[in-house]
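S.K.: This is the structure alone, sequence omitted:
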């Protein structure tokens with residue numbers, strides 16, 4: 001067996017998923033993640049979003065060839081757009097039976113989040129009537145035990161942890177759907193939504209916010225990856241984004257700074273384009289990066305440009321997936337946008 005295969009096998013043993021186990025208004029506690037030792041100091045994670053079960057995904061073999069220790073779903077893992085539980089279940093079943101994805105699951109730990117189309121309502125939030133039923137189907141798709149505490153809480157937010165002798169990597173899967181307040185429609189042409197400064201509106205909800213703040217504050221990880229189905233930094237386009245709730249963006253920045261968490265990095269999807277966004281935050285000694293990877297089976301091929309003052313490099317508008325390599329010794333992250341044939345389209349490195 002190759003050394004890389006041995007490392008991958010060992011790492012698969014050490015990754016444990018834990019979820020909030022309290023449904024009260026206080027910060028939810030987490031189950032302890034499973035841990036074991038491994039000699040690997042560079043952790044490779046793959047992620048992507050926007051995947052149609054009735055369209056060919058040519059990327060699964062390429063993703064598997066990178067030998068990631070973890071695959072992260074970034075949302076729109078299927079395109080159901082329905083409150084019909086049977087239809088939703090059938091589409092998840094179809095995805096699980098796709099050979100390339102099945103092989104990936106056999107070799108790689110899987111975690112992640114949903115977005116609107118697998119949630120069940122286009123651009124949907126707290127108003128979706130079938131969200132509780134949809135949550136259970138999502139958890140089934142992710143292979144979560146019927147006895148897992150995630151079955152008892154509202155929302156699909158959860159934590160995953162990768163442990164090595166050199167340090168930890170924490171992954172926080174955010175739910176940007178279940179609690180999200182209604183979006184403010186834009187009156188401008190070619191813009192779907194506009195920022196809403198109403199302080200009572202929320203993106204994550206009180207319980208999830210409290211959970212995330214507690215987790216970041218108590219984190220001992222060298223890197224903390226925050227998985228958001230929608231973009232955190234890109235703020236000028238007229239679609240779904242964190243910037244539609246400016247006070248929630250500021251709250252996130254304040255929590256990151258106050259927590260003292262190391263190496264916070266956002267991974268996002270939704271847009272059918274891939275790009276890197278980067279900015280500095282006062283009080284933080286490293287930049288915040290939002291790595292958007294979208295989509296897996298279809299992309300915004302008609303893309304002709306849009307502003308993003310935080311963009312680094314160019315927009316990729318072909319099908320692609322993301323690779324994140326976390327060097328725990330050098331405290332460096334290498335981020336790659338790849339397409340069919342493992343062709344490298346763009347790369348960004350950042351030291352922490």
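M.R.: Yes, it's here. Bear in mind that the values here come from a model prediction, so they are computed numbers and not experimental data.

S.K.: start to end distance for stretch 230-247?
M.R.: Using Cα to Cα, to the nearest Å, the span of stretch 230-247 from its first residue to its last is 16 Å.

S.K.: With stretch 322-333 instead?
M.R.: Span of stretch 322-333 from end to end, Cα to Cα: 13 Å.

S.K.: In it, which residues are buried?
M.R.: 322, 323, 324, 325, 326, 327, 328, 331, 333 (16 or more other Cβ atoms under 10 Å). Backbone N, C-alpha and C define where each C-beta goes, glycine included.

S.K.: Tell me how far residue 315 lies from residue 271.
M.R.: 9 Å (Cβ to Cβ, to the nearest Å).

S.K.: Helices of the chain, residue ranges please.
M.R.: Assigned helices in the chain, in chain order: 3-14, 60-65, 85-96, 99-107, 116-119, 131-141, 206-217, 246-259 (criterion: DSSP state H).

S.K.: Work out which residue lies at the spatial centre of the protein.
M.R.: Centroid-nearest residue in the chain, with Cα atoms, centre = their mean: residue 227, separated by 2.9 Å.

S.K.: contacting residues around it?
M.R.: Listed by Cβ atoms under 8 Å, 6 or more residues apart in numbering, the contact set of residue 227 reads 47, 72, 74, 112, 113, 171, 172, 173, 174, 266, 267, 268.

S.K.: if we go to 6 Å?
M.R.: 72, 113, 173, 267 (Cβ atoms under 6 Å, 6 or more residues apart in numbering).

S.K.: hang on, the earlier thing: so between residue 315 and residue 271, which is more surrounded?
M.R.: residue 271 (26 against 17; other Cβ atoms under 10 Å).

S.K.: Spatially nearest residue to the more buried one (excluding sequence neighbours)?
M.R.: The shortest distance from residue 271 to any residue other than its chain neighbours is 5.1 Å, reached at residue 294 (Cβ to Cβ, 6 or more residues apart in numbering).

S.K.: That neighbour touches residue 50, doesn't it?
M.R.: Yes. Residue 294 is in contact with residue 50 according to Cβ atoms under 6 Å; the separation is 4.7 Å.

S.K.: More neighbours: which of these two?
M.R.: residue 294 (32 against 25).

S.K.: So the more buried one versus residue 55, what's the distance?
M.R.: Relative to residue 55, and taking Cβ to Cβ, residue 294 is found at 14 Å.

S.K.: What of residue 184?
M.R.: 32 Å.

S.K.: Around residue 303, count how many other residues there are.
M.R.: 14.

S.K.: hang on, I meant residue 189
M.R.: Residue 189 - counted by other Cβ under 10 Å - has 6 other residues nearby.

S.K.: go on, residue 127?
M.R.: Neighbours around residue 127, by other Cβ under 10 Å: 10.

S.K.: Kindly report the same for residue 99.
M.R.: 9.

S.K.: Could I get the full set of strands for the stretch 151-300 of the chain?
M.R.: 158-163, 168-173, 223-228, 264-268, 274-279, 288-292 (DSSP state E, counting those that start in this stretch).

S.K.: Quickly run through the sheet partners of the third one, with directions.
M.R.: In other words, strand 223-228. Using DSSP bridges, the strands paired with strand 223-228 are strand 168-173 (parallel), strand 264-268 (parallel).
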